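A.B. asks: Sharing a model that was predicted from the sequence below.
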Amino acid sequence: MDELKEKLTNWAKRYNNKDFIGNDPIQIPHKHLDDSKQDIEISAFVTAYLSFGNRTQIIKAANKVNDLMGHSPHKYVVGKQWETDFDCSNTSSFYRMVSYAKMNEIFSKLHYIYTTYPSMEHCLQQHSGTLFQRICKVFEISSKSPQKKINMFLRWMVRNDGVVDFGLWKTFSPQELIIPLDTHVTQMAYKLGITNSKTYSLKNAITITNKLSEIFPNDPCLGDFALFGYGVENN
């Protein structure tokens, strides 16, 4: 355990730094760092939603949406410009298997949130369950699967060490987070004996998170930087 703790602590320090931002999709919402909380939430959620596949292509697609939203994603959502940019009847691909119609659906949910509540954080406060269960309810997605993109977005919003993640949401704790489970995290966790399973499941994500909480008691998803960063660099 001491050897594992030393490895993960060193890797976390190596990858949880400002240089990480330039190669990661989180660079997109970081463009709104001086804008409103709502602007960052929206840019971050849309970017996270598109975060699957090659990181270069993810960033390209997320930048395309960010350019459409302009300096204020919040005004873009509330003003319903997305109805023109993402036709609900257009089933052709916007990014990989995400169609223009699907993007319309996502923006429709965001429109409901921001015309009903002052922020997404406030919206989630009005629901019951764990943080993960609350956001799954709001976006009507399964809380039985690992939902890597959702958990990555939550990490961005809640982790508050002021390095890479935003820490915008003060009413939720980093201890509530579940690690965003992807190939690199799963493989590294299995290789290190953190989990005995290679399955892409919520159960495995929770198993890995619980083990990381023994090493990073107040901030288990700090271990995400260690597992993901080292996994990518040594793939």
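C.D. replies: Good, I have the coordinates.
A.B. asks: Show me which positions of the worst-scoring helix or strand of the chain on mean pLDDT end up buried.
C.D. replies: Across the helices and strands of the chain, mean pLDDT, DSSP states H and E gives its lowest value to helix 222-233, namely a mean of 90. In terms of neighbour count (16 or more other C-beta atoms under 10 Å), helix 222-233 has its buried residues at 222-232. Glycine gets a C-beta too; all of them are placed from N, C-alpha and C.
A.B. asks: Make JSON lines from those residues and add distance to Ala61 to it.
C.D. replies: JSON lines is the format used below for the buried residues of helix 222-233 (distance: C-beta to C-beta, whole Å):
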{"residue": "Leu222", "distance to Ala61": "28"}
{"residue": "Gly223", "distance to Ala61": "28"}
{"residue": "Asp224", "distance to Ala61": "22"}
{"residue": "Phe225", "distance to Ala61": "23"}
{"residue": "Ala226", "distance to Ala61": "27"}
{"residue": "Leu227", "distance to Ala61": "25"}
{"residue": "Phe228", "distance to Ala61": "20"}
{"residue": "Gly229", "distance to Ala61": "22"}
{"residue": "Tyr230", "distance to Ala61": "26"}
{"residue": "Gly231", "distance to Ala61": "23"}
{"residue": "Val232", "distance to Ala61": "19"}
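A.B. asks: How far does stretch 211-229 stretch from one end to the other?
C.D. replies: Between the opening and closing residues of stretch 211-229 lies a distance of 18 Å (C-alpha to C-alpha, to the nearest Å).
A.B. asks: And the contacts of that stretch?
C.D. replies: Under the criterion C-beta atoms under 8 Å, 6 or more residues apart in numbering, residues 1, 4-5, 7-9, 11-12, 14-16, 20, 155, 159, 161, 164, 174-175, 177-180, 182, 184-185, 188-189, 192, 194-195, 208-210 lie in contact with stretch 211-229.
A.B. asks: which stretch of helix or strand covers Phe94?
C.D. replies: Assessed by DSSP states H and E, Phe94 sits inside strand 93-95.
A.B. asks: quick one: strands adjacent to the helix or strand that that strand is followed by?
C.D. replies: Tracing the chain past strand 93-95, the next element assigned as helix or strand by DSSP H and E is strand 98-99. Paired strands of strand 98-99, with direction, are strand 93-95 (antiparallel) (DSSP bridges).
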